[in-house]
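Novice: below is the structure, and that's it, no one-letter string:
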């Protein structure tokens, strides 16, 4: 407990520094304060990248980024109401066509899940899914669907959650992302556990564990083991579940993951109660309750006190009554955070009357199933946010590689243009010297098609109209034919390929036209506003346009 107290003291100091910076930024939305805020996040290892804004960065772009990451950080600190305020502010600053908006919507869905407002959670997570479906990225679609499934689970609608998670699994299989698939299999395990199909839940948990083992993600392996343990509880295999929980507890504590450590303590208490070992269950629930109280985790603390009530019932009626009173107090506080529909369901499932029935062992077993379900959902959602950050890094590398390919194609096109014979040479039918011929790739037809697409897009960018329909028309083909040919030639959607062309052209202009304003470069590359352009550029190159120009490289 002393180690935890020291960790929380250090965390409080860091929290004070960030809150001070956010207060300063609210008064003066300048790049200096924004950079200090991101420096502090990096010192705390909350973000990996070095985020720097130029003094000329528009205030709205600064507010969007600072508010979004403030919401992420506050969510991680379990300050959900403050996180909600910042996430809503960030959402207002996103351009409708900005794909990053989906991340902000997904974060809001997670925030409202923690607040118990399942209707709002589903509303925002659903919008995130719609954006990702339009974008067509199977990996991100599966992530958004996973969050939405978790929300339906928390709202006690496992049948709806089952349909959603099966869709998420289909997209994850197409995306071929093992890490994502493991998370979704874990969620599927919890859904089927709640549906009462614990044999299927156990199978999904074991599949998820094997994937994590192959990826050598040891912290995630322990999460999958906890899911396996919850399925074993549903199968009344209490001793096996106990062995799993006792195995992973020391590793969680050694890693400093006290939140997961406390959740598994609750599970262990449930396994011990199932074996009529009330005296051993009490210290598990007691330690978990203390940790959750310090963390401000109301959802899980209430489960600890319910477990203490059940443990004391036959041993000490007075202590049982005290725990029941504590449960009532926390329950009332929980109700202030929940939606009307969720309230009625929660009251029906976890109502005070169930706790006061001495012989309602069957009802209490059902209660334990719900408790374990909610706790694991929270673990899965937290793991999902970590994976989202790694996906962004991978997508940035993929886009940079595509931009590099387009730069090479443009250079070949420029050389070919310079080598075109003059009219006199054509009439004289003079061939090019063999030493000046440009090497041509094996798939020359595809390469020529892509160079033509790059040429057309570059011509259209200054007009601001770079839609698929316009490009297809300029190439004298239907939209469907254009999409198919581009997919065959480049393996990319038109949206991704056009954006890569825009970014390649932007980087060229920043290098070669050092006196040209960034706003002018944004217009020449087909962007209506500088804020969206800067955000897109930074997403690809990892630095702002101004910084890219200053250092000459990303």
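Specialist: Here it is on my side, so go on. Values in this document were obtained by computation on a predicted structure and should not be read as measured data. Residues are numbered from 1 along each chain as shown.
Novice: low-confidence ranges, the stretch 451-554 of the chain, go.
Specialist: 552-554 (pLDDT under 70).
Novice: please repeat the previous calculation with a cut-off of 90.
Specialist: For the stretch 451-554 of the chain, residues meeting the criterion pLDDT under 90 lie at 451-452, 455-456, 458-500, 502-508, 510-515, 518-519, 522, 525-554.
Novice: can you show me the helices along it?
Specialist: Counting by DSSP state H, counting those that start in this stretch, the segments of the stretch 451-554 of the chain that form helices are 468-474, 479-490, 494-512, 518-524, 530-541, 545-551.
Novice: which other helices and strands does the first one contact?
Specialist: Under the contact criterion of 3 or more Cβ pairs under 8 Å, 6 or more residues apart in numbering; DSSP states H and E, helix 468-474 touches helix 444-460, helix 479-490, helix 494-512. The way it works is simple: take the backbone N, C-alpha and C, and place the C-beta from them, glycine included.
Novice: now, of those helices, which is deepest in the fold?
Specialist: helix 494-512 (a mean of 20; mean count of other Cβ atoms under 10 Å).
Novice: contacts for it next, please.
Specialist: 135, 399, 402-403, 406-407, 410, 453-454, 457-458, 461, 466, 468, 471, 482-483, 486, 490, 492, 516, 518, 521-522, 524-527, 533, 536-537, 540-541, 545, 548-549, 552 (Cβ atoms under 8 Å, 6 or more residues apart in numbering).
Novice: could you check the angle that helix makes with helix 444-460?
Specialist: 70 degrees (axes from the mean of the first three to the mean of the last three Cα atoms, to 10 degrees).
Novice: domains in this protein, by residue range?
Specialist: 159-395, 443-551 (automatic domain parsing).
Novice: how far does the longest one sit from the chain's center?
Specialist: This points to domain 159-395. Averaging C-alpha positions (Cα atoms, centre = their mean, to the nearest Å) puts domain 159-395 21 Å from its chain's average.
Novice: isn't residue 122 up against residue 150?
Specialist: No - with contact defined as Cβ atoms under 8 Å, residue 122 does not count as touching residue 150 (10.3 Å).
Novice: between the two, point out the one with more neighbours.
Specialist: Neighbour count, other Cβ atoms under 10 Å: between residue 122 and residue 150, residue 150 has more, with 28 against 23.
Novice: element containing the more buried one, please.
Specialist: Assessed by DSSP states H and E, residue 150 sits inside helix 138-154.
Novice: same question, residue 287
Specialist: Going by DSSP H and E, residue 287 is part of helix 278-295.
Novice: ok so, going back, which among the contacts of helix 494-512 count as buried?
Specialist: Burial by neighbour count, 16 or more other Cβ atoms under 10 Å: within these this picks out 399, 402-403, 406-407, 410, 453-454, 457-458, 461, 466, 471, 482, 486, 490, 492, 518, 521-522, 524-527, 533, 536-537, 540-541, 545, 548-549.
Novice: can you give me the buried ones in stretch 69-79?
Specialist: 69-75, 77, 79.
Novice: next step: those residues restricted to helices.
Specialist: Residues of the buried residues of stretch 69-79 located in helices (DSSP state H): 69-75.
Novice: ok, back up a step: for the helices and strands packed on helix 468-474, which one sits closest to residue 269?
Specialist: Nearest of these to residue 269, taken as Cβ to Cβ: helix 494-512 at 49.8 Å.
Novice: could you report the separation of residue 148 from residue 171?
Specialist: To residue 171, residue 148 is 12 Å away according to Cβ to Cβ, to the nearest Å.
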